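K.L.:
Kindly generate the corresponding structure for this input.
(6 chains)
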4 protein chains.
Amino acid sequence: MTKNECSFILDAVRTKDEEKKAALFEATVKTVNEMGFASASVSKITKEAGVSPATLYIYHKNKEELLVSTYITIEKNMSRALLEKFNADMPLRDILENVWVAMSDYFIKYQPYTRFAEQFANSPYKTLVNKEMVMHYYAPIIDVLQQGIDQKIIKNVDFDIIIAFICYPLLALSNPGLCSDFEPTAENIKSAFALAWDAIKL
Amino acid sequence: MTKNECSFILDAVRTKDEEKKAALFEATVKTVNEMGFASASVSKITKEAGVSPATLYIYHKNKEELLVSTYITIEKNMSRALLEKFNADMPLRDILENVWVAMSDYFIKYQPYTRFAEQFANSPYKTLVNKEMVMHYYAPIIDVLQQGIDQKIIKNVDFDIIIAFICYPLLALSNPGLCSDFEPTAENIKSAFALAWDAIKL
Amino acid sequence: MTKNECSFILDAVRTKDEEKKAALFEATVKTVNEMGFASASVSKITKEAGVSPATLYIYHKNKEELLVSTYITIEKNMSRALLEKFNADMPLRDILENVWVAMSDYFIKYQPYTRFAEQFANSPYKTLVNKEMVMHYYAPIIDVLQQGIDQKIIKNVDFDIIIAFICYPLLALSNPGLCSDFEPTAENIKSAFALAWDAIKL
Amino acid sequence: MTKNECSFILDAVRTKDEEKKAALFEATVKTVNEMGFASASVSKITKEAGVSPATLYIYHKNKEELLVSTYITIEKNMSRALLEKFNADMPLRDILENVWVAMSDYFIKYQPYTRFAEQFANSPYKTLVNKEMVMHYYAPIIDVLQQGIDQKIIKNVDFDIIIAFICYPLLALSNPGLCSDFEPTAENIKSAFALAWDAIKL
DNA sequence: GATGAATGAGCCTTCATTCAT
DNA sequence: GATGAATGAAGGCTCATTCAT
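P.N.:
Have a look, this model is predicted:
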């Protein structure tokens, strides 16, 4: 049998591996969201993923690494989603509005990922992740904001302040546990952006 | 022996009680901040507090109730701090700026409490707390914002949006893990408030 | 109730503790002898001792410390037994014969302790025990041998050689797994000592 | 393809087999010596040997059989080494001195094998090995000792006693963990033999 | 009120072994 | 023959909680 003849088998095998890894990722997010880090044990996560506890250790060094890699995967995933439709050839307000809408879309579409990331980022696990590396994923957006400051379109204040008004209000609004009344319709998302823009624009 | 005769003893006992309860509170905050909910065990918390594990159960029904009551204590504590200097007899911008500065003062002075509250609020434990009850602590501030909307000083958008721009940017800026570059000087705090005001003002 | 009146209760409590510690000691010896270090798990040892696995950790830091302390206890116990009847006011041959008989008595009476000690001493665990400290238990016997050398009653060879002929043949003979044919009658023990004496005497 | 045509291949394969088997043997000895039976897992042994855990099961039925066969291999190896230079055409004392020196040479040259064998022989694994079979390897030496008894050159005591004075002192002296001070120079080895001979000679 | 001792249940991880390739 | 992936079972240890004192 030539390599070609059995390629479908190889595919099957490779697919299965990726499936297990993906199942562990999803199970980690789901379990941690449902019961928090305090109760999300390896046995519960692997049961949710449909694999043996021992199998986890083929894909991850230990539980900590599983949690960290789950977080990093989400951060990568989200930055990719934001940058996919990113287009810098527009007025700054429009660029940022598009980013704002893309963020909101992501937060809604991937609610569980977002909740996990929030829980992780507000726990001591966060110290295990290199902050610069994560920020690097969002470089184009950061660049465009810096240009806005240089061109005197955006207020010339500490950069963290700009970020704080661009990211966190929307994060809060997308969190049903915090803002249960806010309905994330396209209209509401846009009217929320108006506030963000007013905040940062010069 | 009458109640009077031993009142000084009761006082002594009562004092001791409060001391132990306070020690448990502080130990809970410290331990959870240092190692997260996943590792903050009863034995570690009580060791940090300098009491026996059994003693915890005199003051709290169980571990969950300890965590919840710790969170509620912090919320009460913070709302009291905010409202202490609250004065509604001023222009709305000044009122809110004072609240903003008071919040910042609290976040800085009680960093550990704030970190604990954030960690708690972003975990499933949060569902154990009645949200309305907590919001009620901040009623005067909410009232003043609602009046601002009614008087067309503040944008007439979903109330959650207003909150999102008043609370979360400052919370993010006060989190050294998120905004390590931001220095919370009086000046920086005030320039950050300028953005918040621009965001919500009509 | 005065302290005197309830002393029996305190005794009861203290006794119980010692009982648990003793039960763990015996269970460790028995379990390791029956199935070796490879299979003597904490759960099997504690089941044999009639206590919860968690209870072990009240009395010992961890499994390793349990094994080491069990070995040291045996070594202390044996040296005490040897020195109990030790009497240096006799001709050297008689002194050593008495020690030889006492050793043999101990090996037979406390077969399980001896087997455990042998298994331990021939494993890497042995490196965790301070050799000098253990040798110190047997100081009087060592002294008498050294005097024998000085007085030219015993051959003037490397001290380890003397020890090797005084201890290890008897240890081997007392090991049913090695010398199943040897019957440890008083007569056989004495005739074995004749060889040891001929070996070391000048 | 006939057997002849591919014999060179078979040779290659056979060589490879023997290499893997030998690697497993060495890895077993090394790993058990370093961490004892309690920690010497299949995965650690096979990692040390540079093969997959699954490969172990091609050469051995299971872990127990690996350990037993490792022990038997060592016994065979040692008896072969002792008998290689064995020559019965000499006075008994010289015969035994040669055996003594050969034993010592082996213990030193193959320290790790000796340590493994000691650890094994002092563990319950020993019961899995037929003692007579092992003793049979050393038959010529045993015969010569028996003749010594019959010819009234050696003391007429229980045979186990003779063995105990011929084997165990030297085993102890060759164990650095027991006799760290003893230096196994040719001279020291010979002076130790003098004691053994004095012990058994009539 | 306060505690050290005690525990069954569960923790994270590794075990010895098998199987598809 | 050789292997990496997979696993149920078990490893050592800590958990949250109770109880006798």
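
K.L.:
low-scoring stretches of chain A, by residue?
P.N.:
Within chain A, the segments meeting pLDDT under 70 span A:1-16.

K.L.:
and with 90 instead?
P.N.:
Applying pLDDT under 90 to chain A flags the ranges A:1-18, A:85, A:177, A:180.

K.L.:
can you pull out the strands in it?
P.N.:
Using DSSP state E, chain A contains no strands.

K.L.:
any chance you could map the helices in it?
P.N.:
A:7-39, A:42-49, A:53-59, A:63-84, A:92-109, A:111-121, A:131-137, A:139-150, A:159-173, A:186-200 (DSSP state H).

K.L.:
other SSEs contacting the second one?
P.N.:
Counting contacts by 3 or more Cβ pairs under 8 Å, 6 or more residues apart in numbering or on different chains; DSSP states H and E, helix A:42-49 packs against helix A:7-39, helix A:53-59. Where you see a C-beta, it was placed from the backbone N, CA and C, and this is true even at glycine.

K.L.:
how about it, does it reach DNA strand E?
P.N.:
Yes - among the residues of helix A:42-49, A:42, A:43, A:44 lie within reach of DNA strand E under Cβ under 7 Å from any atom of the strand.

K.L.:
Now for residue A:166: which residues touch it?
P.N.:
Contacts for residue A:166 (Cβ atoms under 8 Å, 6 or more residues apart in numbering or on different chains) come out as A:96, A:100, A:145, A:196, A:200.

K.L.:
Try it again at 7 Å.
P.N.:
Each residue near residue A:166 by Cβ atoms under 7 Å, 6 or more residues apart in numbering or on different chains is listed here: A:196, A:200.

K.L.:
and residue A:114, how many neighbours?
P.N.:
21 (other Cβ atoms under 10 Å in any protein chain shown).

K.L.:
That one against residue A:105, yeah?
P.N.:
No - using Cβ atoms under 7 Å, residue A:114 is not in contact with residue A:105, being 11.2 Å away.

K.L.:
How is chain A partitioned into domains?
P.N.:
By the record's domain assignment, chain A is partitioned as A:1-59, A:75-200 (automatic domain parsing).

K.L.:
circling back: may I see the ChimeraX selection of the buried members of the residues of helix A:42-49 next to DNA strand E?
P.N.:
Selection of buried members from the residues of helix A:42-49 next to DNA strand E for ChimeraX, criterion 16 or more other Cβ atoms under 10 Å in any protein chain shown:
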select /A:42,44
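
K.L.:
just so I know, which of the helices and strands packed on helix A:42-49 lies nearest residue A:90?
P.N.:
Among the helices and strands packed on helix A:42-49, helix A:7-39 comes nearest to residue A:90, with 33.7 Å by Cβ to Cβ.

K.L.:
So residue A:178 sits against residue A:169, correct?
P.N.:
No - at 10.8 Å, residue A:178 does not count as touching residue A:169 under the criterion of Cβ under 7 Å.

K.L.:
More neighbours: those two, which one.
P.N.:
residue A:169 (30 against 20).

K.L.:
How about the contacts made by that one?
P.N.:
A:192, A:196, B:164, B:165, B:168, B:169.

K.L.:
Apply 10 Å and report the result again.
P.N.:
By Cβ atoms under 10 Å, 6 or more residues apart in numbering or on different chains, residue A:169 lies in contact with A:100, A:179, A:192-193, A:195-196, A:199, B:160-169, B:172, B:196, B:199.

K.L.:
Mean neighbour count and distance to residue D:131 added to the helices and strands packed on helix A:42-49, as JSON lines?
P.N.:
As requested, these are exported to JSON lines (neighbours: other Cβ atoms under 10 Å in any protein chain shown; distance: least, Cβ to Cβ, whole Å):
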{"stretch": "helix A:7-39", "mean neighbour count": "16", "distance to residue D:131": "49"}
{"stretch": "helix A:53-59", "mean neighbour count": "15", "distance to residue D:131": "39"}
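
K.L.:
If you drop the residues flanking it in sequence, what lies closest to residue A:25?
P.N.:
residue A:70 (5.8 Å; Cβ to Cβ, 6 or more residues apart in numbering or on different chains).

K.L.:
give me every residue that touches the one you found.
P.N.:
A:24-29, A:32, A:45, A:60, A:113, A:116-117, A:120.

K.L.:
again, 7 Å this time
P.N.:
Contacts of residue A:70 by Cβ under 7 Å, 6+ apart are A:25, A:28, A:29, A:116.

K.L.:
Go through these and name the one nearest chain B.
P.N.:
Nearest to chain B among the contacts of residue A:70: residue A:116, at 10.0 Å, using Cβ to the nearest Cβ.

K.L.:
distance of that closest one from chain C?
P.N.:
33 Å (Cβ to the nearest Cβ, to the nearest Å).
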